[in-house]
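Structure here, sequence nowhere to be found:
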């Protein structure tokens, strides 16, 4: 009884440690994700309807903690830093300490995961010490790869959402430019209209307008949009708009042509995905449905044959 209580208390202690680590990791990740702040909060703050001092103080405290760790956490190669910077941009993490927080999270998970696993294996499973380094290295690898997996998943989610909203944005851009609005006014109008249906794409267009109002050249601001999104469709749109701005071509006509081409590409992509359904069904059919079917259809006959052979002393 005493041993059971001791083991149970250790299990609860490990569960508490894991829970605290997961909560801290999640807080760090979502803190990085929300460094730019909620767009609704920013708008309400501009109107004086909400207070953001608490959020700013928390962000300032996090910066003060993480900045001294930069020389120890950030990679030495500039290429690796630039690659991570682009990934963080495309994931919506645009704080100046996002990269430091990312590597800090990898370090914390890479240390805590193996410690918790090793203690649990020793106390609960009584695993021989010879196997502990293997499981420790495996847990450290998983812990350090979790932030990468989250970052890639976040980028993929943002890409899909913006890609789904892009056709509506193109149609709105065509309508605005044909109505006589310039590129800046059209982008501002589209961003305002997409604020509810696609806040991510609306934020990116608002960023373009903010850069242009801040004195950045329009072509440079559009290229920054391409870097932040990483979508080939937006890269093609930006290329056409840049050529139009350089040579003075009518923007409305170019946008209409690109919108028609984009609809054709979207239809082709949908047809390709529909054609791949049969191939994707092979795995669940072979490994999930067919075994159950064979057990039900052939199982009774096999059992009857075995019993008949056993009864005949064959």
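All right, it came through fine. Since the model is a prediction, treat every value here as computed from it, not as a measurement.

The helix or strand that contains residue 162 packs against which elements?
Following DSSP states H and E, one finds residue 162 within helix 132-178. Counting contacts by 3 or more Cβ pairs under 8 Å, 6 or more residues apart in numbering; DSSP states H and E, helix 132-178 packs against helix 2-33, helix 78-90, helix 98-123, helix 183-193, helix 199-213, helix 232-247, helix 251-275. Bear in mind the C-beta positions are built from the backbone N, C-alpha and C, glycine included.

and the angle from that helix to helix 199-213?
Angle, helix 132-178 to helix 199-213, by axes from the mean of the first three to the mean of the last three Cα atoms, to 10 degrees: 60 degrees.

how is this protein carved up into domains?
Taking automatic domain parsing as the reference, the chain has its domains at 2-127, 160-275.

Can I get the ones you listed in a markdown table including mean neighbour count?
Listed next are the domains of the chain as a markdown table, based on neighbours: other Cβ atoms under 10 Å:
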| stretch | mean neighbour count |
| --- | --- |
| domain 2-127 | 15 |
| domain 160-275 | 16 |
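
Show me the one of those domains that comes nearest residue 285.
If you check each of the domains of the chain against residue 285 by Cβ to Cβ, domain 160-275 wins as the nearest, at 17.0 Å.

starting at the chain centroid, how far to the helix holding residue 162?
The chain centre lies 3 Å from the centre of helix 132-178; the measure is Cα atoms, centre = their mean, to the nearest Å.

Stretch 270-285 now?
Distance, centroid of stretch 270-285 to centroid of chain: 25 Å (Cα atoms, centre = their mean).

so what's residue 91 up against?
Residues near residue 91 by Cβ atoms under 8 Å, 6 or more residues apart in numbering: 33, 151, 154-155, 158.

mean confidence for the helix holding residue 162?
Helix 132-178 comes out with an average pLDDT of 89.

try stretch 224-237
pLDDT averaged over stretch 224-237 gives 89.

low-scoring stretches of this structure, by residue?
1-65, 67-68, 72, 313-314 (pLDDT under 70).

returning to that earlier point: and the helices and strands packed on helix 132-178 as TSV, adding distance to residue 142?
TSV is the format used below for those (distance: least, Cβ to Cβ, whole Å):
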stretch	distance to residue 142
helix 2-33	13
helix 78-90	20
helix 98-123	6
helix 183-193	40
helix 199-213	29
helix 232-247	32
helix 251-275	31
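
which stretch among these comes nearest residue 171?
Of the helices and strands packed on helix 132-178, nearest to residue 171 by Cβ to Cβ is helix 251-275, at 6.4 Å.

name the helices or strands packed onto that closest one?
helix 132-178, helix 232-247.

May I see these organised as TSV, with distance to residue 188 added?
Formatted as TSV, these follow (distance: least, Cβ to Cβ, whole Å):
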stretch	distance to residue 188
helix 132-178	9
helix 232-247	15
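
closest one to residue 301 among those helices?
The minimum distance between residue 301 and the helices and strands packed on helix 251-275 falls on helix 132-178, with 44.4 Å, by Cβ to Cβ.

Run the angle between that closest one and helix 183-193 for me.
Per the same axes, to 10 degrees, the angle that helix 132-178 makes with helix 183-193 is 120 degrees.

Number the residues from 865 up from this point.
Happy to do that; since the first residue is 865 now, the last one works out to helix 996-1042.

what's the angle from helix 996-1042 to helix 962-987?
Counting by the same axes, to 10 degrees, helix 996-1042 points 150 degrees away from the direction of helix 962-987.

Thought residue 933 was touching residue 968, still the case?
Yes: between residue 968 and residue 933 there is a contact under Cβ atoms under 8 Å: 6.1 Å.
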